[in-house]
Structure formats: C-alpha cells, structure tokens
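Engineer: sharing a sequence plus its predicted fold:
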Amino acid sequence: MTDAPKTNNQYSGFLPPRYRNRPDGDDVMIKTWAVGDALSDHSVPEMPSSLSLFFDLVAPAAGRAGACGFAMLWLDRHPHEQPGWRLSIGHVGSVDDLERAVAKPLARLVDAMPLATFECENWHVTRPLWRKRAEPVKLVFWGDFAKHARAILDHGDGAAFYQPLGAGLRSDHVAASLPLLEDMLGDPFLIGGMGFEDALRLGVSLGRAHLIESWIEAGGAEKEPYFRPMRLWHQAWLANALIDPAVASLAMSGMPPMPALDFASDGTPANRRAALDDVSSWLTTVFFGDAHPALRNAFVAGVQNAVWLDSDLQQYLQAQQRSEILEGLMPYCRWFLAMALYNHLDNLANGTARDDQITFYATVVDALPELAPLGELATQRDIEQHIIRIDAARAASAFDTLVLPFCDLLMPRRQFDAARS
C-alpha cells in the first residue's frame, strides 16, 4: 500500500490525520533489555520507581535530541521462561543513534537496577515476538510519533472514532496508545474507500478476536497470562483498523454510533465476545448490507475463516484442523474467483477492461491453467465448471496472492464522504 492521498471535502480539517512520515519497518530499530531480576510468578507487579522515573525522563530527552521513536515497558509472558520486566526502545534510524538519544535517562536506569541486552532487531522482526510474549505496561512516544499520538488522543471527536477513548480509557493508558504503533508503522487502511480486501481484513480481525477469547476461556486462569499478549496486540490491531470505518460513518446520516470494545483489565471472555458481536453487527449494518454483496461476502468469509486466513493463528493448528478449514474455505474461494472472472470477462467483451486487470488476469491463468480456455463469451456456467476443476490445495495457495488481489482490482471500491485527512 502507498501513503494516503490528500482528501478535499467538507470535513477536511475536522477529522483525525493519517501518519504522513511513515517509515519503513526495516528502518525502525528496536533494542530490548531485560530489566532487574526475574519475577516469581505471572501476576502483574507494581512498576519499580526507577523505571517510572525513566519513563518520565526519556521522551523529553529524546525529543531534545531531535529523535523520533518510542519506549515500551512490558512483561515477558513466554510459557517456558521466568517472567520478568523488559524495556524496548524503538528509533527511526540506527542503534547507535537510538542509544545516543536516550543516553542520559538510560544511564540513570543502569545505575538503579541491572540491565542485560535481550534483543536488537527491526520492527518487522520484533513485532511477531511481541505478539507472542509481550504484555505492554507502559508506552510513550517522542518526535513525529508523539505529534501524531497527540493528534489522535486529543481530538475533540476522539471517542467517536478511536476505540480506547470510546471505551472510557485515559489517553495515557497503555491500551490507548498501543493501537497507534500499528497506525504509524503498519499498512495504511481504507485508502481511497473500502475495497474487497479491506472488508476481508475486517472480518478476519473479528473472527481472530473471537477465537482468541475461546482459547482463553478453554485454557482457564492458569493459561490466561500466556494468551494475554496475543489478545492485547490483536485488540490493538482491531482498534486501529476500526478508526477509518468509524470516521467514514460520521458523515452517514441515520447510522448508529460505533459500539466500544471491552478494554477492562478484569473483563471476561464472554464480555469481550459480546462487545465484538456488537461491533460486528454495527459493521454489517453500516457497511456490509445487501447493497454491497461483494463486500458483505468478503467480510463474512473473513469472520468464518479467520483461523485459516490469519498467519498468526495458523501455527496453533493441528494437521486435521487445517484440512477441515481448507474445506470450509473452498466455497468462498470459488465464489470470489467466479465473481471476479464473470466481471472481468464481461469487461473484456465490452472493451472496458483496464490494462492492469488484463495483465493480472494473465498471471492468474499462469498459476491456474484450468481457466485458460475461458474467453469473452464464457457463460457463468462455463466459469463455474472450469473453477471446479482446480484442486483445493492449489486454489488455497493462490487465494491470498492471486484471487483476493484480482477481486480487489475488479470489485468497485465503496467511496465515503468523510476520510482521514
């Protein structure tokens, strides 16, 4: 995805901005230290006073150095290692520049408690580790990151479009700032309206959240600390993904307001699932009704097949489960492909197919040669008969790399009157 185009409409200046100076994830270096001694158990302890002082000092110090980055304190929830404090500092630039930017507050922390280097990697490598084992406790930004965070958290309508604020969290709560990491370092969402893949991603995010809650409930209190990082990071991704639909809905008359997710620290899986159901119902009402069947079916497919479509979850599946999920996915894969082919071949017959669509279709046929005999005069029955000849394994391997992008090229994007500036 590319950065957001500038929008010119009556809402410009009143809506939250996108993050403009988006760095490549490879250019964001993150150094992590193990802080202090290992903890005795997985209960959440009080933050040591020396760490609290470090967080009071680090953002002003890094800001004076002209740096752009963040610091995050987290508890390590790895199931096979002793729990303990971890301090991660992210910086747009080199590790040497990172250490220079925070040298003074870091030196005071070193004098107060032992630090040992834990890991030093870029954003792309670090984020998967965090999603598996990091329970965020404190997060602060500086530089351009801090400016963007303030633009979101201090916005007058923030509670209407930003999930943590809508749920009543203080702006300095770690769950309020966590989605902003994805907003500033992840792929921009809903660029130029809502497309086919956008609808699928929203569905996957809701289905994924439901699955995680089911696993937490099945594991009970003993396993909950190990699932907590996954739940918190996925909830943060969902909160970020919902910013743009919520902003778009602000200009839709007669539509209900976006309901809030459950961010309560003492919340239960049942309560969080109920909140997810409310959000899903809201999305269906506002964006995925009968007037937009392609988007609706993409959304439903994502909700129902998240465990297959989400790479973060596939590592937890047994071989038998993969087979079952593959069978459940096939009707959607075939439906999506048939819909795209029917539209594309009709466009070819009418001379309205774009060059990028024609080029991409050739790539699809190279990977799925069963489609090669189809021509401009093919009927819907012809299309279905050729699609059914594609075996499930090859169709599944082509699903996210070919079928979904092809659908996104063919299906019209839903345009909105209000979009982030």
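Structural biologist: Arrived safely.
Engineer: use CA for all of it now, contacts and neighbours both
Structural biologist: Noted.
Engineer: and A59, how many neighbours?
Structural biologist: Neighbour count of A59, defined by other Cα atoms under 10 Å: 24.
Engineer: and it, how close does it get to H91?
Structural biologist: 12 Å (Cα to Cα, to the nearest Å).
Engineer: who touches both of these two?
Structural biologist: By Cα atoms under 8 Å, 6 or more residues apart in numbering, A59 and H91 have these common neighbours: F70.
Engineer: thought I216 was touching P269?
Structural biologist: Yes - counting by Cα atoms under 8 Å, I216 does reach P269; the two are 7.0 Å apart.
Engineer: part of a strand, is M29?
Structural biologist: Yes - the assignment for M29 is a strand, going by DSSP: H, G, I helix; E, B strand; the rest coil.
Engineer: tell me how far it lies from V110.
Structural biologist: Using Cα to Cα, we find M29 at a distance of 21 Å from V110.
Engineer: neighbour-wise, which of the two wins?
Structural biologist: Higher neighbour count among M29 and V110: M29, with 24 against 15, using other Cα under 10 Å.
Engineer: buried ones in stretch 382-396?
Structural biologist: Using 16 or more other Cα atoms under 10 Å as the test for burial, stretch 382-396 gives D382, I383, E384, H386, I387, I390, A392, A395, A396.
Engineer: between those, which is closest to S52?
Structural biologist: For these, the residue nearest S52 by Cα to Cα is A396; the value is 48.9 Å.
Engineer: list the residues that contact the closest one.
Structural biologist: L326, M330, C333.
Engineer: just to revisit the earlier point, E99: which of the buried residues of stretch 382-396 is nearest?
Structural biologist: Set against E99, the nearest of the buried residues of stretch 382-396 by Cα to Cα is A396 (45.2 Å).
Engineer: can you list contacts of stretch 407-415?
Structural biologist: By Cα under 8 Å, 6+ apart, stretch 407-415 touches 192-197, 294, 336-337, 339-340, 343-344, 357.
Engineer: ok, now how distant is the residue nearest the centre of the chain from D27?
Structural biologist: Geometric centre of the chain, nearest residue: W237, 3.7 Å, by Cα atoms, centre = their mean. Distance of W237 to D27, computed by Cα to Cα: 21 Å.
Engineer: same question for E384.
Structural biologist: 46 Å.
Engineer: and R127, by the same measure?
Structural biologist: 14 Å.
Engineer: equivalent analysis for L276, please.
Structural biologist: On the measure of Cα to Cα, L276 and D27 end up 34 Å apart.
Engineer: ok, those two, which is more surrounded?
Structural biologist: L276 (20 against 14).
Engineer: what sits against the more buried one?
Structural biologist: With Cα under 8 Å, 6+ apart, L276 has these contacts: L206, A209, H210, L261.
Engineer: mind doing that once more with 10 Å?
Structural biologist: With Cα atoms under 10 Å, 6 or more residues apart in numbering as the criterion, the residues that contact L276 are L206, G207, A209, H210, P259, A260, L261, D262, A270, W282.
Engineer: and what of A340?
Structural biologist: Contacts of A340 (Cα under 10 Å, 6+ apart): A294, R334, D346, Y361, V403, L404, F406, C407, D408, L409, L410, M411.
Engineer: I'd say the fifth one and I387 touch.
Structural biologist: When you say that, I think you mean V403. No - counting by Cα atoms under 10 Å, V403 does not reach I387; the two are 11.8 Å apart.
Engineer: which residues are common contacts for those two?
Structural biologist: With Cα under 10 Å, 6+ apart, V403 and I387 have common neighbours C333, R334, L337, A338, L341, A395.
Engineer: now the first one: which helix or strand?
Structural biologist: If I follow you right, that is C333. If you go by DSSP states H and E, C333 is part of helix 319-350.
Engineer: name the residues of the next helix or strand after that helix that are buried.
Structural biologist: Scanning forward in sequence from helix 319-350 by DSSP H and E, the next helix or strand is helix 355-367. Across helix 355-367, burial judged by 16+ other Cα under 10 Å covers Q357, Y361, V364.
Engineer: pLDDT score for the first one?
Structural biologist: Per-residue confidence at Q357 stands at 92 (pLDDT).
Engineer: now swap in the second one and tell me
Structural biologist: Reported pLDDT at Y361 in the predicted model: 92.
Engineer: residues contacting it?
Structural biologist: By Cα under 10 Å, 6+ apart, the contact set of Y361 is A340, L341, H344, L345, D355, A367, L371, L402, V403, F406.
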